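Engineer: Build the 3D model from these lines:
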Amino acid sequence: MTKGKEKSKARVFADRLLSTVILWAIVTAVFLSDQPVAFAVMVVALSMLALKEYYTMVRDGGLSAQPKIGMVSALIYLGAISYLLVNSGGAALDRVGQLDAIAVCFVAMASFLWQLRQSVEKHKTLNEVALTLLGFIYIPVMFSFVLRLLFLPEGESMVPGAVLILWLVAVTKFTDMGAYVTGSLIGKNKMIPHISPAKTWEGIAGGVFFAQLAGCGLFYFFPEQLEVLGGWPQVIGFVFVLAFLAVVGDLAESVVKRALEIKDSGHTLPGIGGVLDLIDSICFTAPALYFLIIWL
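Structural biologist: Numbering: from 1, shown residues only. Below is the predicted model:
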């Protein structure tokens, strides 16, 4: 029995390693391409896969939504954003912001309009509208800020914000990794046991430390490409905010899964889980970084 467990753990590790290598190979190819279309395709693909997982979780959790409205609307919305940014760059950011409001209003109206075809079934009717709209905002709208960050800085490169996205992903993922490693080694005091029993305050502190390490390290080596962040005080402050939101983003998906009594968002990435497990934190940190830069 013990031997079987060891094999099982080895298989999980092998699957996780393979998925990680493939993911990094794809991400590296996208960054080296220096083509905005490649970044757009990556953002659209991840968004659509994660949104499909979300609606599948809702269904498996015994609730209902309107996945066709959500998925079709998301594809059109992401396609429009990609077209504007790829062709006009940073000059299209204001129009993209207007598109957000249009898309959210459209999905809300379409969801209610769809309900007119049948009788009102108490909470089920409102749940369908609410869960459809939540999925649309939570994933394609919030994750699309990754693509906007690509064109927020000014520069001669076709994708002037490529290093900025790398910085964002590093800070976000080092928070996750640091929290996991530190929590596993010295974690004792539970943070939010009713949501995520494994998370500890020691782990969170470790996550913030690793996030600062990644954020400050990259800023030190790429000061020109990351000058849009400002100086050292802003960088350190931004990292604190993003590390906090990375934890919140991870917990937000835990809330969804716990409410639906679902263990994993999907099995798209063997050994890792679903695509939503991969981007849940970035859905919170990407829009935060965008607005922090805009405002500060």
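Engineer: which residues touch the nearest residue to G62 once chain neighbours are set aside?
Structural biologist: Nearest in space to G62, with sequence neighbours left out and distances taken as C-beta to C-beta, 6 or more residues apart in numbering, is L260 at 7.7 Å. Where you see a C-beta, it was placed from the backbone N, CA and C, and this is true even at glycine. Under the criterion of C-beta atoms under 8 Å, 6 or more residues apart in numbering, the contact partners of L260 comprise 57-58, 60-63.
Engineer: Please list only the buried members of these.
Structural biologist: Neighbour-count burial within the contacts of L260 applies to 57-58, 63; the criterion is 16 or more other C-beta atoms under 10 Å.
Engineer: Narrow those to those in strands?
Structural biologist: The subset of the buried ones among the contacts of L260 located in strands under the criterion DSSP state E is empty.
Engineer: and of those residues, the nearest to I165?
Structural biologist: Within those, the smallest distance to I165 is 27.0 Å, found for M57 (C-beta to C-beta).
Engineer: picking that back up, pLDDT added to the buried ones among the contacts of L260, as TSV?
Structural biologist: Formatted as TSV, the buried ones among the contacts of L260 follow (pLDDT from 0 to 100):
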residue	pLDDT
M57	94
V58	94
L63	92
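Engineer: nearest to P193, of those residues?
Structural biologist: Within the buried ones among the contacts of L260, proximity to P193 (C-beta to C-beta) peaks at M57, which comes in at 22.3 Å.
Engineer: how close does the closest one sit to E261?
Structural biologist: Taking C-beta to C-beta, to the nearest Å as the measure, M57 falls 10 Å from E261.
Engineer: Of the contacts of L260, which is the nearest to D250?
Structural biologist: Relative to D250, and with distances defined as C-beta to C-beta, the nearest of the contacts of L260 is M57, at 15.8 Å.
Engineer: The closest one - nearest residue in space that isn't next to it in sequence?
Structural biologist: Distances taken as C-beta to C-beta, 6+ apart place I262 nearest to M57, at 4.9 Å, with adjacent residues excluded.
Engineer: Same check on S47?
Structural biologist: Distances taken as C-beta to C-beta, 6+ apart put P140 closest to S47, at 4.6 Å, once the chain neighbours are dropped.
Engineer: Going by neighbour count, which residues of stretch 167-184 are buried?
Structural biologist: Under the neighbour-count rule (16+ other C-beta under 10 Å), stretch 167-184 has 167-176, 178-180, 182-183 buried.
Engineer: again, but for stretch 225-239
Structural biologist: Taking 16+ other C-beta under 10 Å as the basis for neighbour counts, the residues of stretch 225-239 that come out buried are 225-226, 228-229, 235, 238-239.
Engineer: Could you tell me the end-to-end distance of it?
Structural biologist: Using C-alpha to C-alpha, to the nearest Å, the end-to-end distance of stretch 225-239 comes to 17 Å.
Engineer: Off-centre distance for that stretch?
Structural biologist: Here stretch 225-239 is found 21 Å from its chain centre; the criterion is C-alpha atoms, centre = their mean, to the nearest Å.
Engineer: go on, stretch 90-101?
Structural biologist: Per C-alpha atoms, centre = their mean, the displacement of stretch 90-101 from the mean C-alpha position of its chain is 20 Å.
Engineer: Return the mean pLDDT over it, rounded to an integer.
Structural biologist: Stretch 90-101 comes out with an average pLDDT of 95.
Engineer: what's it in contact with?
Structural biologist: Stretch 90-101 is contacted from outside by 77, 80-81, 84-85, 88, 141, 148, 151-152, 154, 160, using C-beta under 8 Å, 6+ apart.
Engineer: Can you add distance to I293 and give the buried ones among the contacts of L260 back as a markdown table?
Structural biologist: A markdown table is the format used below for the buried ones among the contacts of L260 (distance: C-beta to C-beta, whole Å):
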| residue | distance to I293 |
| --- | --- |
| M57 | 32 |
| V58 | 33 |
| L63 | 37 |
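Engineer: Let's see which of the residues you listed end up in helices.
Structural biologist: Among the buried ones among the contacts of L260, the members falling in helices are 57-58 (criterion: DSSP state H).
Engineer: Out of the buried ones among the contacts of L260, the closest to A38 would be?
Structural biologist: Closest approach to A38 among these (C-beta to C-beta): M57, at 29.0 Å.
Engineer: pretty sure the closest one contacts K257?
Structural biologist: Yes. Taking contacts as C-beta atoms under 8 Å, M57 lies within contact range of K257: 7.0 Å.
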